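Visitor: Sequence first, predicted model second:
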Amino acid sequence: MTNDDTPPGTSALAHDLATMARDAALAVAPYLRSVARGVAEFQTKADVHDPVTEHDRRVESALHNLLARMVPGSRVLGEETGEGVLPLEPPRLGADLTTQFLLPTTPEFQGARRRCAGLGDRVRWIVDPIDGTSNFAAGMAYFNTSVAVELDGVVVAGAVSVPMAHEVFVADALTCWLESKEGRRELHADGPAREDASVLISYHPSRSLLVSDPQRALDHEIRLVQAYQAVRRPGAAALDLAQVAAGWCGAMIGTSFKPWDVAAGIHLVRVAGGRVLNLPVGTDLPEGLRPGVVVSARQLDAVTAASVLREVDEAARRP
């Protein structure tokens, strides 16, 4: 299934960009495995609920360097460093990192790099170096590296690498697949067909709603808990979305995501044939990058989660 906004004639480039997104995400996985469960300290950004480690910054810097070598002059949006343009001549990583983060040498990667090298600022990478930093810092295995790719303003490829599981979920414009130790298989978002037979991954009610309107938050929570078989909040949005694309989880809802949380994962779900509702919730962000998300398996009409999200979006529109 293609993204309806994908310009015609981009499928081949999308596959090349997916190849490079996958290889960039996989290039940092060995490092993350080596430091996971050994994080001694972390800092916080917005508040205590928003941790960051030295490894988040180190991995994002390495990804910038790798991506600049793949498509010089391309743009990047990253969780730790924001928006920027990658240099035409990327700086050296330094001796300690050069040996850890290397470009692949496979013919597939080299061909993709050659064909895409001249795309320049037509390409934007949307990067989350460690999605699920709280889990990572605590020693939990449920975290990932997420890399989405826009071509001419439209997301056409994405990759979600799961270092501790040795897995990577990938989608170009036509196909979504999983690569693991067992090999490669296509994903088709074949999950449950009823809400009461589905696990819902939920990040709603948000902390802000719990504080500002606890009664409405409770109402939403009750509706979701009653509608679904089980409700979980594992803490890594891109990986959650990949679970829906794989058909392992019925649905997912969140109302305050950032673009790097969801860009690659939403693309995975769409291409795998799943259902996507992506609402702006008071922002002017484009489809695929918006904070309000309900996704579900292809057979599942997630009516309760969608109703809750629409109420949140409507409330955000009020003066």
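Guide: Happy to help now that I have it.
Visitor: Mark out where each domain of the chain begins and ends.
Guide: 11-186, 195-317 (automatic domain parsing).
Visitor: most packed of these?
Guide: domain 195-317 (a mean of 21; mean count of other C-beta atoms under 10 Å). Just so you know, the C-beta spots here come from the backbone N, C-alpha and C atoms, and that holds for glycine as well.
Visitor: For the domains of the chain, which has the smallest mean pLDDT value?
Guide: With a mean of 91, domain 11-186 has the lowest mean pLDDT of those.
Visitor: Span of it from start to end?
Guide: Using C-alpha to C-alpha, to the nearest Å, one end of domain 11-186 lies 17 Å from the other.
Visitor: Residue 288 belongs to a strand?
Guide: No: applying DSSP: H, G, I helix; E, B strand; the rest coil, one finds residue 288 to be coil, outside a strand.
Visitor: Could you double-check that it sits in contact with residue 153?
Guide: No: using C-beta atoms under 8 Å as the test, residue 288 is too far from residue 153 to be in contact (10.3 Å).
Visitor: Name all residues that make contact with residue 191.
Guide: 198, 244, 247, 248, 249, 250, 274, 296, 297, 298, 299, 300 (C-beta atoms under 8 Å, 6 or more residues apart in numbering).
Visitor: With adjacent residues omitted, what lies nearest to it?
Guide: residue 297 (2.8 Å; C-beta to C-beta, 6 or more residues apart in numbering).
Visitor: end-to-end on stretch 68-76?
Guide: For stretch 68-76, the end-to-end distance is 9 Å (C-alpha to C-alpha).
Visitor: ok, which stretches of the stretch 1-150 of the chain are strands?
Guide: 43-44, 51-52, 75-78, 82-85, 123-131, 144-151 (DSSP state E, counting those that start in this stretch).
Visitor: and residue 256, which of the ones you listed is closest to it?
Guide: strand 123-131 (14.8 Å; C-beta to C-beta).
Visitor: what about residue 269, which SS state?
Guide: Assignment for residue 269 (three-state DSSP): helix.
Visitor: so what's it up against?
Guide: Contacts of residue 269 (C-beta under 8 Å, 6+ apart): 189, 241, 244, 245, 275, 276, 295.
Visitor: Quick check: the two most widely separated of the residues you listed?
Guide: Maximum distance among these (C-beta to C-beta): 12.1 Å, for 241 and 275.
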